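Engineer: would you be able to build a 3D model of this:
(2 chains)
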Amino acid sequence: MTSNSYFQIIVYIVTLLALAKPLGWYMARVYEGESVGLNRLLAPLEALLYRLSGVNPKEEMRWTDYAVSFLIFNLLGVLAVFALQRLQAYLPFNPQGLPGVSSDSAFNTAVSFATNTNWQGYSGEVTMSYLTQMLGLTVQNFVSAAAGMATLVALIRGFTRRNTDTIGNFWVDLTRSTLYILMPLSLILALVLVGQGVVQTFSPYRSVPLIETVSYEQPKLGADGVALQDAAGKPIMESVEAKVQVIAVGPAASQIAIKQLGTNGGGFFNVNSAHPLENPTPLSNFLEMLSILLIPSALCYTFGMMVGDTRQGWAILAAMTLILVALIFVEVPLEQIGNPALASLSVDQSATVSQSGGNMEGKETRFGITNSALWAIVTTAASNGSVNAMHDSFTPIGGMIPMWLMQLGEVIFGGVGSGLYGMLMFAIVAVFVSGLMIGRTPEYLGKKIEAYEMKMAAITILIPPLVVLGGTALAVMIDVGNASVFNPGAHGFSEVLYAFSSAGNNNGSAFGGLSANTPFYNSLLGLAMLFSRYWLAIPVLAIAGSLANKKIVPVSLGTLPTHTPLFVALLIGTVLMVGALTFVPALALGPVVEHLQMIGAK
Amino acid sequence: MIKSLKSAIVLFILLSVLTGVIYPAVVTGLAQLLFFQQANGSLTTDKMGKVTGSSLIGQPFSSPGHFWGRPSATGPFPYNAGASSGSNLGPTNPALIEAVKTRIQALKDADPDNQAPIPVDLITSSGSGLDPHISPAAAEYQISRVAKAHDVKPEILRALIDANTEDRQWGFIGEPRVNVLTLNLALDALH
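Structural biologist: Predicted structure coming up:
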């Protein structure tokens, strides 16, 4: 690693942590219903939304009502995105005349965006009309993120309230997250990104002349539009000369801003944030990367403020940051070393002042090794899933670390709201385990952790591995699952494991070689996303309801403090032990085998 | 329950209009007003005002008289900006090693006397397939070939490369890079 590489990473981490407190403070005020600077502008709009929809913002919900509202709202989202994709050919804002999307792909995408996963089985610029991108996908980018934040806030209320059976109002939490937090930040980020070169237009794709024309072969079509075949059944090819380059454009910046801020990650274009019109400059890259972890880190401070002890929030943030930083400094050197198979071919892979060197397959020149590897860690730590380089072409262990970060359950920052509520589940397990060790009733933030909470927390921790490992096992056992694999050998297994790790933890990033846009993968990965989102969110809300009912236990000598370095270490240990022990066997079969083959090849 | 369903539907529609219609429309309006050039694809024009390409989207170059960009994995032809794609070849895939060998051969065939090691970005495909840049090292490597093809002094080419090189943003973010399209446009303008 070069000194510039260290410097870029440190600037990123410092900026991120410096913003946690101000934004976290702001969000706490939003959720506690207090006045914030934007009130004058947004309060009338908020009141109008409640009046038109008949929501009483003062009404409190029990956890079951909260969960039902959450589910109904998500179901509406799935139906709307599905319908928009199927009907887009008949709807406006479709300048390229794109046809309706197939039903299995439309199902997968609708589930993917409603669950805040944003797995992309499709290729944006050749599949989705501008209307679908805006009214379908952008909307879900906002509200799926807001729903995750609402669930977190409900859980926090469970800790702070006592002897009550209500945990807030879902509609209010959803609306306030969208209006006061996500929209203003997105508006600012979108405009800055346009300034850097991200496109934002309703015009059709642009056509520009090529300086050097290119000729290529394509199947010859008959008058009926069907590819012609020769006597042997092979398609007849014809030579075509490309004289122009059609450049896909569209309303991209508005979607990319919320895709990053809401830890969604679904790209406007196929190659996501590797596309020069989605992420044109190093600065746009820095800002997009910052936006990915901005709200998840600030929510830790929000949590601390709302439970009345900011040290609790800092402790959680410290645990997340330590794992993140450690993995960044493993990942960057792995990619910087490069591919040993190219070393014997008179290729220069060394880092110098005039090139980044390293494993550049699938990476963009403007980002080089440092920003591609840093992004890979950031996007998989958060359940974001956008990519600025092709993870499938990373070195074996360089690709394994992002995969493992997802397998840890998306709790190292994680999705907006969902990352922190997931981490709080691990905190509950950590206090339970330490309670067992010292022979005391476990407590967290003044609430006794009893059998009911432990059962629910255990469900949230066990469901994702079950979905990931079960789905992978099923897919590699049957032909239709293996047919989609692109790279041969152990790497092919990694592609499938990566896909289920991504869907089963609502991340959305991919080893892009896997042809996942098939009925089999669209369906199975769609189900994986559904299970992992709702079988986590609902037990979390159940815990919120149960905790709100309890009284607050005063701190005594027997209370384990949860803001100390000792607790941070316990929490990290719990996350890593569960993650490591569950997935090491599967990882050994894929990336580890491939790594050994790579370094052992002569 | 029924009341809650009605609230859900109405609120869903209202939030959809707000975030899916009003928000993108406002961003588009402001973007077209404030950043017209960038919002429409950063198109470059020649002196006559004719569009020559996009400064953010690479083009395919393979003649000895032009600087070549990163290999592109888009289909059906390289640098198809209507369908971005990476190669997704894994690091141990024999197809990757074969592709790299073919690219090395093409570079050596075009400039047999050049014995310098080849910068890695020149023989590995980019993530987007549309990468407009190469590293300064990759541009330097190609100077001898382009100089021979045009019979110009390497110093002239070096000056052109410098003029089309962007340093790290703010001096430290990202990587230094050479814009291949604008470099070749400047090269063509020499004649």
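Engineer: CA only for contacts and neighbour counts going forward, please
Structural biologist: Noted.
Engineer: quick one: what helix or strand has residue A:572 in it?
Structural biologist: helix A:565-587 (DSSP states H and E).
Engineer: what helices or strands is that helix leaning on?
Structural biologist: If contacts are counted by 3 or more C-alpha pairs under 8 Å, 6 or more residues apart in numbering or on different chains; DSSP states H and E, helix A:565-587 sits against helix A:310-337, helix A:396-407, helix A:418-438, helix A:451-477.
Engineer: as TSV, those with mean neighbour count would be great.
Structural biologist: Below are the helices and strands packed on helix A:565-587 laid out as TSV (neighbours: other C-alpha atoms under 10 Å in any protein chain shown):
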stretch	mean neighbour count
helix A:310-337	20
helix A:396-407	26
helix A:418-438	22
helix A:451-477	18
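Engineer: for chain B, find the nearest of these.
Structural biologist: Closest to chain B of those is helix A:396-407 (C-alpha to the nearest C-alpha; 7.2 Å).
Engineer: so that closest one, near chain B or not?
Structural biologist: Yes. Judged by C-alpha under 8 Å from any C-alpha of the partner chain, helix A:396-407 comes into contact with chain B through residue A:396.
Engineer: which residues touch that helix?
Structural biologist: Contact with helix A:396-407 is made by A:327, A:331, A:334-335, A:376-377, A:380-381, A:383, A:391-393, A:412, A:464-465, A:491, A:498, A:501-502, A:505, A:507, A:579, A:583, A:587, A:591-592, A:594-595, B:91, as judged by C-alpha atoms under 8 Å, 6 or more residues apart in numbering or on different chains.
Engineer: including mean pLDDT, could the helices and strands packed on helix A:565-587 go into JSON lines?
Structural biologist: Supplementary listing: the helices and strands packed on helix A:565-587 in JSON lines, determined by pLDDT from 0 to 100:
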{"stretch": "helix A:310-337", "mean pLDDT": "97"}
{"stretch": "helix A:396-407", "mean pLDDT": "97"}
{"stretch": "helix A:418-438", "mean pLDDT": "94"}
{"stretch": "helix A:451-477", "mean pLDDT": "95"}
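Engineer: could I get those in JSON lines, plus columns for distance to residue A:48?
Structural biologist: Output for the helices and strands packed on helix A:565-587, formatted as JSON lines (distance: least, C-alpha to C-alpha, whole Å):
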{"stretch": "helix A:310-337", "distance to residue A:48": "34"}
{"stretch": "helix A:396-407", "distance to residue A:48": "40"}
{"stretch": "helix A:418-438", "distance to residue A:48": "28"}
{"stretch": "helix A:451-477", "distance to residue A:48": "37"}
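Engineer: can you tell me the SS state at residue A:388?
Structural biologist: coil (DSSP: H, G, I helix; E, B strand; the rest coil).
Engineer: against chain B, how distant is it?
Structural biologist: 7 Å (C-alpha to the nearest C-alpha, to the nearest Å).
Engineer: for that residue, what are its contacts?
Structural biologist: Contacts of residue A:388 by C-alpha under 8 Å, 6+ apart are A:271-275, A:279, A:363-364, A:372, A:375-376, B:127.
Engineer: how does the chain divide into domains?
Structural biologist: Reading this off chain A. A:206-247, A:415-600 (automatic domain parsing).
Engineer: ah, I was thinking of chain B
Structural biologist: Per automatic domain parsing, the domain ranges recorded for chain B read B:2-37, B:43-189.
Engineer: and these, which is most packed in?
Structural biologist: Most buried of the domains of chain B, by mean neighbour count (mean count of other C-alpha atoms under 10 Å in any protein chain shown): domain B:43-189, with a mean of 20.
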